[in-house]
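**Q** build the 3D model from these lines:
(chains A and B)
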Amino acid sequence: MIHSLFMINSAGDIFMEKHWKSVISRSVCDYFFEEQQKANSPEDVNPVISTPHHYLIHIYRENIYFVAVCTTEVPPLFVIEFLHRVVDTFTDYFGDGGETAIKDNYVIVYELLEEMLDNGFPLATESNILKELIKPPNILRTVVNTVTGSSNLADTLPTGQLSNVPWRRAGVKYTNNEAYFDVIEEIDAIIDKQGSTVFADIQGVIDCCVKLSGMPDLTLSFMNPRILDDVSFHPCVRFKRWESERVLSFVPPDGNFRLISYHVGSQNMVAIPVYVKPNISFREGGGRFDVTVGPKQTMGKLVESVVITCAMPKVVLNMNLTPTQGTYTFDPVAKVLTWDVGKINPQKLPNLRGNISLQSGSPPPESNPAISVQFKIQQMAVSGLKVNRLDMYGEKYKPFKGVKYLTKAGNFQVRT
Amino acid sequence: MTDSKYFTTTKKGEIFELKNELNSDKKEKKKEAVKKVIASMTVGKDVSALFPDVVNCMQTDNLELKKLVYLYLMNYAKSQPDMAIMAVNTFVKDCEDTNPLIRALAVRTMGCIRVDKITEYLCEPLRKCLKDEDPYVRKTAAVCVAKLHDINAQLVEDQGFLDQLRELLSDSNPMVVANAVAALSEISDTSPSPAAQMEMNQQTINKLLAALNECTEWGQIFILDALSNYVPKDDREAQSICERVTPRLAHSNAGVVLSAVKVLMKGMEYVGMESEFVTTLQKKLAPPLVTLLSSEPEVQYVALRNINLIVQKRPDILKHEMKVFFVKYNDPIYVKLEKLDIMIRLATQENIAQVLAELKEYATEVDVDFVRKSVRAIGRCAIKVEQAAERCVSTLLDLIQTKVNYVVQEAIVVIKDIFRKYPNKYESIISTLCENLESLDEPDARASMIWIVGEYAERIDNADELLESFLEGFHDESTQVQLQLLTAIVKLFLKKPTETQELVQQVLSLATQDSDNPDLRDRGYIYWRLLSTDPAAAKEVVLAEKPLISSETDRLEPTLLDELICYIASLASVYHKPPSAFVEGQALVVRKTQLPVRSASGEPGATGATESPVPQQVQPAQQQQSVIPSHDTAMGDLLGDLLSMDLNPPQQQMSMTPAPQQDMGGMDLLGGGLDSLLGGPSPVAGMPASQASMGGGLGDILGLGISSTTYVPPKQVWLPASKAKGLEVSGTFSIRQNVRYMDLTLKNNAMAPMGDFAIQFNKNSFGLSPASALQVPSPLSPGQTADVTLPLGTNGPVQKMDPLMNLQVAMKNNIDVFYFSCLIPIHLLFTEDGQMDRKVFLATWKDIPDSNEVQKEVANPNQLDPKGLSDKLQQSFIFTIAQRNVDGRDMLYQSLKLTNGIWVLAELKIQPRSPTMTLSLKTRALDVIPHVQQAYELIIANM
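**A** All right, here's what the predicted structure looks like:
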């Protein structure tokens, strides 16, 4: 299983290492650095690297490489999933999983890693159990700790670890009992030059914030559950009932969690809510840039927080543009144009146009830049998914319930 | 207030300061000091000098302090074993604490102290913890057994911890079960001893399946991996396992999903091929696989590598999902390349338009590597989907028009392949290609262009000028280009002999006299001699028709694919190599690698895994189509090219075809010839048969007469005439061209003619059975003798005989049925794929217990040297893996494989000038040893 973990920052420093079995020398990371040198960008390093004696499996997040070292045949996805879980935990604990946060909380990081793996086998990865074992830092607690001499470490056994519902701790109490459900859908799409859809699908999730006392047993039903034919559930969901009745029945974890994630495949038609009309041309020494954005199938809802990003070819020196609304920036080092459009007013379509200047002497680029689009639409789930009702069993009180819908762009690309 | 404060003290005397603080009376100060020590430790500073002081802090009720001290102990116990003993007492005490958290913590930490001296003190507490009332402690203890095994495997086995661990498999708590499975699998992965292997029976499987639904996501991965090693009894059991695993596909953890996919892919192999069940299951597999592709890029990568295997094995699963593999511009390059590969695999006539449009789009991307791969992909599509070839070619032409240098070069390389696949179809574009001649600067592209010019010399008016222009810088070209240029000019000469004589002279002298590359020189000489002795023959050789390029050149070999399917979700599936090829010290247990063997009528490529009893020669004839690697390896390309163009006179192909049992394609056959042609070492692996069959071919031309076939014992009388009413049967066994024969001589000593002969074998130890009916010239008149050969198969019914090699035969004629028995010489059962990989050999040798080793003195009457011996033995399919010289004695390490998959490893010690040698044999099946010894003696004596 997982033998050791090294954390490497963007400067190539190994700033943290943890070994769950015998100590493996840092020099093993040289193989990683070798691979890293071959890559054009930090994201391009192959995640599974084999060396004569070890296998290095890493993820790249928060500008840090988390490199796990294994000595035996392991399922690589197990390692990758685990590493992501580690970073998620850091983010959960420290607000972000970046280098500064890790360095500032060295001891907690060490304690967390110790609790999460034992001899390379995952031990406690559920956030609520970890939080019972090791309290997350906050300013107040640090002050209290220094005054009273108490610590971040709990000295009781986390009860959840043994129960049948390890994701929920016992004895939860709230004065206001509330349960909120956010149905969030992201559209992944590739749109071609002519504006027709090459590929589109929807990644949806239902994120919950459940603050209910005791051991509530919830049932969530949908108006149109047939949309959900490719789903991944949180362990708390009873799969049998989903199979037979198409309802989600579960004892929820306490606090924030992701109940299900689902995928609406490319076979179904996906309504594309915005269109982008690009007109980019290059000639010797310069070029023209003209992009218009407009709403398409939005079911009358407002398209907000629209941001257009365009990675320009390397030979582009600068861009001189005028937006009809919003602001634009061009990063001359990364060659990225970002246009923060804001809301789309259907009466007056936002447009950005102007000149491109190229490095003198270099030929016009052969490749056309791709545009990626971000947007948000409130109160709409593009797949048409609708929650029908939420019922609670097992507890007497009346909870406050709420459902919110949001559609946004995932990996939404327009080719030019 | 953050932890960075612990890193700020870098002034002198730090250790001394810490020591003082550790021994302070104030609890708080103590804890702060320990924290500082740990912080220094984590950044790699040596704080081992503080060992006694830190250990003193261990006796505390404060859980946090205790944990910190444990952390420290784990890190430094190794370097201070004597000190570490001081900690033992506390551990033992903590293991009996009332708080299960403390008990678990103690047993966890204990296992992490990797000091031999301490481990023995830990056995008692561990035993107790394995039976603890609290499941949390039990599950922690289960992992501790794995830790202990890592430190001292013998101790764990002696103390019976493995049995205790197996008991935990039926624990009431699913978490405990999962950890026990994890621990057991890790132990069996690292330990070769049979005691450590995890036995799986129906009961355990049921328990695992029950625990599967309730344990943590990680536990599910362990359990699923363990389940995938189980071989179901029948298809009903396989089906029920699949049914219970299917819900796991909806798990949010990608690892769980992929491990479940593995179980299901394997399970489907055990359920009947065409069943309804498989069809529905296949449908259920697609959505989760697609979902994996919307996760993090690292997950996508692993998923894509596995999907690559899955679409090769079962193309139906994802045939409608082409679009999800479309590349996004911000995908990391490793994801892009994998997606591209899968797109080509999924390309069919229906979706090719879509695919081509995408590929064309990619060819204008920024990343050069990716662009190149995309252009190649277009070529692969053309070769794969015949109907789309034209469209692909025009797309490639469009790309060439862009004049982007690397795009043009790549396009020319793939167009060469398209020419190979569809000869005489697209030659009209040659002129466009020639326009770009100047811009080609990569060897691959130059060689391809030269090949095209040479191949179509008669249609290109200025072919001689073009080639001449290349010739100017001949010595600066890479070998690949030089070889290609040589061949192309010879082709040109054969097509237009009048005007190019000078050119060919020039290139031949450049290649033979001025070059120091042996390949080039040899090829030059061969051409030269061919041209000077018999130009007509030269024409036939050089301008011979080429075998068509295969459409799926990059498919994995079916047996390897089957093996890799068993390793889905593991590292092997990412590397596309079996673990034995890269995992160190992996116990060579074949447990995972078996897929069920299907009847020969199954789809091609579905024949059994490594140990299949189906002998090699029944392999589907598909492999016969010569497969020439299209372009992935420059060397392979060259070789294929050389072979196909230059050494493939049509009559030789003719001579190959009547031997349908030949399982190696023309490529291999010629490969052998080539090696000897080039004066290299004679082919090592599995070639004797092919050498024999080409005896009259090239071998003769070059005066390399090769005599071979396995040793054939003289015929013996098996059935005397007195016992069979006048029929006398004598016979022997032989192998010719990979087919086993029973050679019989039938003599009619009776007064009346005989007819209606038939033969049948009783069940025997190796499943020998007649592969066709007995052909005896009928009637057999009195006094007449008939020589009959009967081809034998090895997949008949098996029953262990006593003596082992006994074969009972029933022969019938118009008079009566007669029974006789004979002994099969064991070397008849040696297979031509008996050459073990060197590493595998080493590991297997170690793996087989010494008790399975048998030594014997064997005579070496002709006092052959090691070289002679291994050559001779190889003809009987005993392969030499390695040779070593120890103290003046030569050691040969050899392997052979029987038709039923039993491996025998041998070590032959040869004393120079001594009439005897020592033969040590090692195998898991001891029964065969005396027979193998006998075979050695026979073969050696009859050399």
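
**Q** from here on, just use CA atoms for contacts and neighbour counts.
**A** OK.

**Q** which parts of the stretch 101-250 of chain B are helices?
**A** Using DSSP state H, counting those that start in this stretch, the helices found in the stretch 101-250 of chain B span residues B:116-130, B:135-151, B:153-158, B:161-168, B:174-190, B:202-212, B:217-228, B:235-245.

**Q** quick one: the shortest one to chain centroid distance?
**A** Remark: helix B:153-158 is offset 33 Å from the chain centroid, using CA atoms, centre = their mean, to the nearest Å.

**Q** what packs against that helix?
**A** helix B:135-151 (3 or more CA pairs under 8 Å, 6 or more residues apart in numbering or on different chains; DSSP states H and E).

**Q** so the helix it packs on, near chain A or not?
**A** Yes: counting by CA under 8 Å from any CA of the partner chain, chain A has neighbours in helix B:135-151: B:135-136, B:143-144, B:147.

**Q** who touches that helix?
**A** A:118-119, A:121, A:161-162, B:100-101, B:103-104, B:107-108, B:110-112, B:114-116, B:119, B:126, B:129-132, B:155-156, B:161-162, B:165, B:173, B:175-177, B:179-180, B:182-184, B:186-187 (CA atoms under 8 Å, 6 or more residues apart in numbering or on different chains).

**Q** apply 7 Å and report the result again.
**A** Here helix B:135-151 makes contact (CA atoms under 7 Å, 6 or more residues apart in numbering or on different chains) with A:119, A:162, B:100, B:103-104, B:107-108, B:111-112, B:114, B:126, B:129-132, B:156, B:161, B:165, B:173, B:175-176, B:179-180, B:183, B:187.

**Q** for stretch B:778-792, same thing?
**A** B:739-755, B:768-772, B:774-776.

**Q** out of the residues of helix B:135-151 next to chain A, grab the one that's most surrounded.
**A** B:Val143 (29 neighbours; other CA atoms under 10 Å in any protein chain shown).

**Q** assign the residue in the stretch 751-900 of chain B that chain A sits nearest to to helix, strand or coil.
**A** Relative to chain A, the nearest point of the stretch 751-900 of chain B is B:Lys839 (14.1 Å; CA to the nearest CA). Here B:Lys839 is helix, with the state taken from DSSP: H, G, I helix; E, B strand; the rest coil.

**Q** show the pLDDT at A:Pro365.
**A** The score at A:Pro365 is 79. That number is its pLDDT.

**Q** now do A:Phe181
**A** A:Phe181 is given a pLDDT of 94.

**Q** which residues touch it?
**A** Counting by CA under 7 Å, 6+ apart, the residues that A:Phe181 touches are A:206-209, A:402-404.

**Q** that one: which element?
**A** strand A:178-191 (DSSP states H and E).

**Q** so for residue 122, what's the nearest residue that isn't a sequence neighbour?
**A** Let's take chain A. A:Met116 (5.6 Å; CA to CA, 6 or more residues apart in numbering or on different chains).

**Q** that's the wrong chain, I wanted chain B
**A** Closest residue to B:Leu122 apart from its sequence neighbours, by CA to CA, 6+ apart: B:Met110 at 7.2 Å.

**Q** likewise A:Val205?
**A** A:Ser261 (4.1 Å).

**Q** number of nearby residues for that neighbour?
**A** 23.

**Q** what's near enough to touch it?
**A** A:204-206, A:231-233.

**Q** columns secondary structure and neighbour count on top of those, output as TSV?
**A** Output for the contacts of A:Ser261, formatted as TSV (DSSP: H, G, I helix; E, B strand; the rest coil; neighbours: other CA atoms under 10 Å in any protein chain shown):
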residue	secondary structure	neighbour count
A:Gly204	strand	24
A:Val205	strand	21
A:Ile206	strand	20
A:Val231	strand	21
A:Ser232	strand	25
A:Phe233	strand	22
